[in-house]
Structure formats: C-alpha cells, structure tokens
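[1] can't give you the sequence, but here's the structure:
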C-alpha cells in the first residue's frame, strides 16, 4: 500500500446484504428515490440557464461573471465525480447518496436566499460538491438493488431516460418558474424533493456490502486536479479561445496530472479508479461513445436555445416547451430499449442509433435565415431524441457488463465524469465555431443581417456537433447482454 493514502474513518464492520433481493414494492420505491436524486442533479445543470437574465438583474452580476453561475457548478461536479465514486465504495453508497443530497438541498436553499453574487457562487460550489458525492452512487445502487437482468435493464432504462431528458426538462421547468414566480424558485424547487430523498433513502434503499479500506490520497488529488483543469480548460476555451496561453496551460496541467494519476493507480493496492475498467476495450469504447454523445447533446441544447430565443423570438417558456419533442422520444426510446436488448443484444442499437443521431444533427447544420421551428428544428429534435434514447441504455449496459460489485461505484462515477467532460467539450467547440462565424457579419442591413449572422453561426456550431456525434461508434462487435 502506498503511504499516500488516507485511512477511512468508517468502522471496518460492513453490512452484509441479504441473500434474497428486496421485495418488489421496496425495490420500486428505492428506484423512485434514486431517480429523483438523479433528476435533481441533472436538471440543475440547465434549470438555471433560462433564469440567468433575472439573476443578473437581481444580484448585479457582470456579463463575464454571470457565466460562472453555470460554469462553477459544472467545474465542481465534474472535478469531484471520480472521488465521489470511490468514496461510495468505501463508506457506503446509500450513505453517500443521502449525505450528498442533504448538502445539495441546503446549498439550493442558500442559493435561493442569496443577496449578492458571492453568496450565490458559493452555494453553486456546494451544490456541485453535493452532486459529485451523490451522483456516482445512483447507478451503482441500481445495479445492487436489481439483480435480475431483465429488471436491471428496465431500471437502467428509466435511469438513462431520466438522465437524458432531465436536461431538457430543466429548460422547461426553468422557463415556467422564472415566468410565473422568480429566478429564486429554480433553487427552491430542489428543497422539497431533496428533503424527501434524504429522509426516504435510508428507509427504502438496501445498503450494499461496503469495501473497507483506504481512500487513495495521491489518486484523489491528481484525479480531482486533472479533471478540474480539463473541465476549466474547456470552459475557458469557450469564452476566450483555444489559443489563450492560460487555456493551453490548463490542458497541459490536466494531461500531466491525469498521467500521474494513471501511474499512481497502477501501484496502489486499492486504487481510486481500477484501471481494469479502462483496459477492457468494450467498456473503454462505451465510455468514449458516451462522452461524444454528451458533447453533441449539450452543444445542441446551447445553440438551439439561442436560435429559438434570439432568432425566432420565442419567450423563455416557449423555448423550453419547444424541446418537448426531444424529451419525449428520448424517454420513449429509453423505455423501449430494455425490452429489446435481452432479445437482440446491444449491438444492433449501437449501430442503428447513430444513424438517427447524425440525421438529426445533419438537419441542424442546414439552419439559415428562413428556417422555421416546425419545418427546420422540430424534425431534427425528434430524430436526435430517438437516437439518444436508443443509445444511452445499451451504452450503460455495455459499460456495466462484468463490473465487479465492489467496483460499481467507480464505474458509475467514471461514466458520469465522461458525460460532464464531454458536455463541456461540446459546448466549448461549438462556441468557438460560433464566435468565428459571427465575427464576419452578414452584408444584409439591420435585423435581417443580424438574423443571417446568427443562423450562420448556429449552422457552423451544429456542424461541429455533427462531427462529434459521428465520432462515436459501437464499442465492439458482439451481442452484448445486460450485466
């Protein structure tokens, strides 16, 4: 054992799960609590987006500072996910889920009561920490709660649907709360759900067997530092460009720290991230595909929202509801896939779904000043939603296949880390392309010229997202079955 380790303060005594699975009713209640936790964490990444103008006006944020209301949450959440996943394996996943949501809930209340920018940003940091502690335990708890392959596939299908549609639901909920109440309610809305999750989790979720041991300190420091540097590099690239010296320094620091992290993990007895999760080619391909899917999806969210509100003049509430044709196919596809995967395996979905994704993104690359919502945007949302819905469940099943129970927290944390890093990458690449395109205004006069410039920028950004969507591929040949 490396001396750079931190001894767990938890008792060495572990709770051994019962041989038989929990009763059906209890499993369903446990799933509801887990899904509520995941929805809160995912929804919070977008629910604040539409409230940003109200936040700026109420608290006096500068234009540059306002972006940190979103970025600081993503930075903290993405940077600490690997640490949260390993901590769940050691200290107990149910316990970490309850603690994380309790912190997330208190931070949401503090954010809703904030009276100046500093108070809100501190609350957003605390939200990110709470989310990083809780989120890695969600998928791991589903794996331990649902032991029958068919039930597990259906539960993962609901989880994937909640993860994929949660960001879209956040846009809708944010528009409704901001229009009907105030921006503060995008924070307060988390409080009642967070209290319910915190109270119910110990009562309905079985605590899986823990893996007493040590939390790898050197691995924790290098992984957290590397992920924070990587995510911040993407965020900074989106605002100041890829040639900025500090941006390049962030990427260099990320490369060095993550390389050191891998070297550390190779020599410690109880690694933060078992490298066997990445040396498996099928699982590694699944992680890469999930990162690229998130990159394409978050880039699309950002720029379609811009086009709907700025180009087509939709109100925040209408723009949020305009994403319903994306959320419904995602949910439908994620619900249908678990019923078909046991019969056909994951391979057919991982080959066919990209056709739908690429078709949807391809339509958005054709955005022009004459593009309307019904004829130009709506079909792309439906196609992309179907592709994403039929992709996320097979990918999750592929990634979790053959994962040992004691490593499920690390596998889940790594999966969500890939999603966060991928989303930051997609937004950064899209903004870079958009900024380049809009730096050359249209020759048309007045509002027509502004609209043409916006349409050209969105088209180029969507071309970049199309490249990211096309870059994902089926992890490996074969008929992968549910774990």
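    Cool, the structure landed. The structure displayed is predicted, hence computed values, not measured ones.

[2] Helices along the stretch 51-200 of the chain, start to end?
    Assigned by DSSP state H, counting those that start in this stretch, the helices in the stretch 51-200 of the chain fall at 52-59, 63-66, 68-91, 93-112, 117-145, 149-180, 185-188, 190-204.

[3] Which one, of these, ends up nearest to residue 274?
    For the helices of the stretch 51-200 of the chain, the distance to residue 274 is smallest for helix 68-91, at 9.4 Å, taking CB to CB. Heads up, the C-betas are built off the backbone N, CA and C, glycines and all.

[4] Of all the helices of the stretch 51-200 of the chain, which one is nearest residue 237?
    Nearest to residue 237 among the helices of the stretch 51-200 of the chain is helix 68-91 (11.8 Å), distances taken as CB to CB.

[5] Could you name the helices and strands sitting against the closest one?
    Applying 3 or more CB pairs under 8 Å, 6 or more residues apart in numbering; DSSP states H and E, one finds that helix 68-91 contacts helix 52-59, helix 93-112, helix 117-145, strand 214-216, helix 217-240, helix 408-438.

[6] Quick check, residue 157 in contact with residue 393.
    Yes. Between residue 157 and residue 393 a contact is recorded at 4.8 Å, counting by CB atoms under 8 Å.

[7] So which of those two has more stuff around it?
    Neighbours were counted for residue 157 and for residue 393 using other CB atoms under 10 Å; residue 393 has more, 30 against 25.

[8] Kindly reformat the helices of the stretch 51-200 of the chain as CSV and extend each row with mean pLDDT and distance to residue 432.
    Formatted as CSV, the helices of the stretch 51-200 of the chain follow (pLDDT from 0 to 100; distance: least, CB to CB, whole Å):
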stretch, mean pLDDT, distance to residue 432
helix 52-59, 79, 21
helix 63-66, 62, 17
helix 68-91, 78, 16
helix 93-112, 91, 30
helix 117-145, 86, 24
helix 149-180, 75, 21
helix 185-188, 89, 28
helix 190-204, 88, 32
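
[9] what's the closest of those to residue 258?
    The closest of these to residue 258 is helix 68-91. By CB to CB, the value is 10.3 Å.

[10] Helix 52-59 and the closest one, what's the angle between them?
    Helix 68-91 and helix 52-59 are oriented at 100 degrees to each other (axes from the mean of the first three to the mean of the last three CA atoms, to 10 degrees).

[11] now helix 68-91, how far from the chain's geometric center?
    Relative to the centre of its chain, helix 68-91 is centred 11 Å away, using CA atoms, centre = their mean, to the nearest Å.

[12] All the strands of the stretch 301-450 of the chain, in order from the start?
    Taking DSSP state E, counting those that start in this stretch, the stretch 301-450 of the chain contains no strands at all.

[13] Count residues in the vicinity of residue 151, would you?
    18.

[14] ok now do it, which residues does it touch?
    Contacts of residue 151 were listed using CB atoms under 8 Å, 6 or more residues apart in numbering, and they are residue 27.

[15] Fine by me, thanks again.
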